[in-house]
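[1] Let's see this in three dimensions:
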Amino acid sequence: MSTPPVIIERLAIIGTGLIGGSLARALRAAGGVTTIVGCDRDAHNLLQALELGVVDEIAADVAAAVRGAQAVFISVPVCAIPGVVREMVPFLAPGCVVSDGGSVKAAIVAECEGLMPPGCCFIGGHPIAGTEHSGPAAAFATLYQGKRCILTPTVNTDAGAYDTVSRLWQAAGAQVCCMEPGHHDRIFAEISHLPHVVAYALVHAVGTADVEGENVLSYTAGGFRDFTRIASSDPAMWRDISLMNREALLGSIDGFSRSLAELRCRIESRDPQGLAEFFTIAKQFRDGIV
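    Model (predicted):
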């Protein structure tokens, strides 16, 4: 069996936690990259990434990390991505391709694309994968196997740069598709951002509920824990996502509030047929996902 060709020689990963670290592990396993250099604001994470073999080299700062790299992947909180790009721009090699893994795209793509020097290209990306765990120790090579990675090119995107980013994600096991940045944000406000804020709100409501002095959460079992698993995700990350995709998320929350109000009305009016209909429609939608 022939060895798969190396896609790029040197990749810089800014942010060596679950998402960046798993991409590094996947590309190493696939032989898609020769050298991976890591950079992270958290010195403990950075040293751990090196010790665990997630990256080959570490850099003290973004400037050192991107020097000589043919591609850069940024995996930091969404509000920090433009600042990181601004920091690296003077040190990018000619022809370097920069991409990210943030789950909000329109604002990031608009700002970062405009920061690129001539000959370099920014391509927004969003791998649809993750867990509630974080840090280099949580990274694993098969995180992206069979999962979608959405790329959000614009009219300014270089075809060769897009091909490079696409091939990297395919080597990591992902199924690549493309989408307009604003359309991406409206979709993911509904299917990702709303579920996270609902999970946080539910746990907050139950955790602060006063039921005759009982610790209500001590009685939770599988259903509650499964439903609220994502409320164990990084609060700072979801703070940033909620603010950056504010308009689309507010619209999603309004839609959910209307649905919840409709359900409340059917319960309040003791409407068994209406409740059965509401639950049946929801079940059919859910079963359709599987």
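
[2] Only C-alpha atoms from now on, for both contacts and neighbour counts.
    Fine.

[3] Can you pull out the low-pLDDT segments for the stretch 1-150 of the chain?
    For the stretch 1-150 of the chain, the stretches with pLDDT under 70 are 1-4, 132.

[4] tell me the contacts of residue 161?
    97, 121, 123 (C-alpha atoms under 8 Å, 6 or more residues apart in numbering).

[5] how does it look with 6 Å?
    Neighbouring residues of residue 161 by C-alpha atoms under 6 Å, 6 or more residues apart in numbering: residue 97.

[6] For it, identify the helix or strand it belongs to.
    helix 159-171 (DSSP states H and E).

[7] all helices for the stretch 101-250 of the chain, in order.
    106-115, 159-171, 181-188, 194-207, 222-227, 235-244, 246-268 (DSSP state H, counting those that start in this stretch).

[8] Go through those helices and name the closest to residue 137.
    Among the helices of the stretch 101-250 of the chain, the nearest to residue 137 by C-alpha to C-alpha is helix 235-244 (18.2 Å).

[9] Go ahead and name everything in contact with the closest one.
    So helix 235-244 is contacted by 77, 79 (C-alpha under 6 Å, 6+ apart).

[10] how about that helix: buried residues?
    Within helix 235-244, the residues scored as buried using 16 or more other C-alpha atoms under 10 Å are 238, 240-242, 244.

[11] report the angle between the axes of that helix and helix 181-188?
    Put simply, helix 235-244 runs at 120 degrees to helix 181-188, going by axes from the mean of the first three to the mean of the last three C-alpha atoms, to 10 degrees.

[12] on that earlier part again, out of the buried residues of helix 235-244, flag the one nearest to residue 158.
    Closest approach to residue 158 among the buried residues of helix 235-244 (C-alpha to C-alpha): residue 244, at 26.0 Å.

[13] what's the spacing between that closest one and residue 275?
    According to C-alpha to C-alpha, to the nearest Å, residue 244 stands 36 Å off from residue 275.

[14] same question, residue 187
    For residue 187 relative to residue 275 (C-alpha to C-alpha), the value is 27 Å.

[15] more neighbours, these two?
    residue 275 (17 against 14; other C-alpha atoms under 10 Å).

[16] Could you tell me which residues within the host helix or strand of the more buried one count as buried?
    Using DSSP H and E, residue 275 sits within helix 272-289. For helix 272-289, the buried set under the neighbour-count rule, 16+ other C-alpha under 10 Å, comprises 274-275.

[17] quick check: angle from that helix to helix 246-268?
    Using the same axes, to 10 degrees: helix 272-289 against helix 246-268 is 140 degrees.

[18] average model confidence for helix 272-289?
    On average, the pLDDT along helix 272-289 is 96.

[19] cool, and stretch 216-224?
    If you average the pLDDT over stretch 216-224, you get 89.

[20] distance of the residue nearest to residue 138 when sequence neighbours are not counted from residue 131?
    Once flanking residues are discounted, residue 138 sits nearest to residue 18: 5.5 Å by C-alpha to C-alpha, 6 or more residues apart in numbering. Using C-alpha to C-alpha, residue 18 is found at 8 Å from residue 131.

[21] more neighbours, the two?
    Set residue 18 next to residue 131 and count neighbours by other C-alpha under 10 Å: residue 18 wins out with 23 against 14.

[22] Now for that one: which residues touch it?
    Applying C-alpha under 6 Å, 6+ apart, the residues near residue 18 are 134-136, 138-139.

[23] cutoff 10 Å now
    Applying C-alpha atoms under 10 Å, 6 or more residues apart in numbering, we find residue 18 in contact with 24, 75, 129-140, 143.

[24] How about residue 204?
    198, 231.
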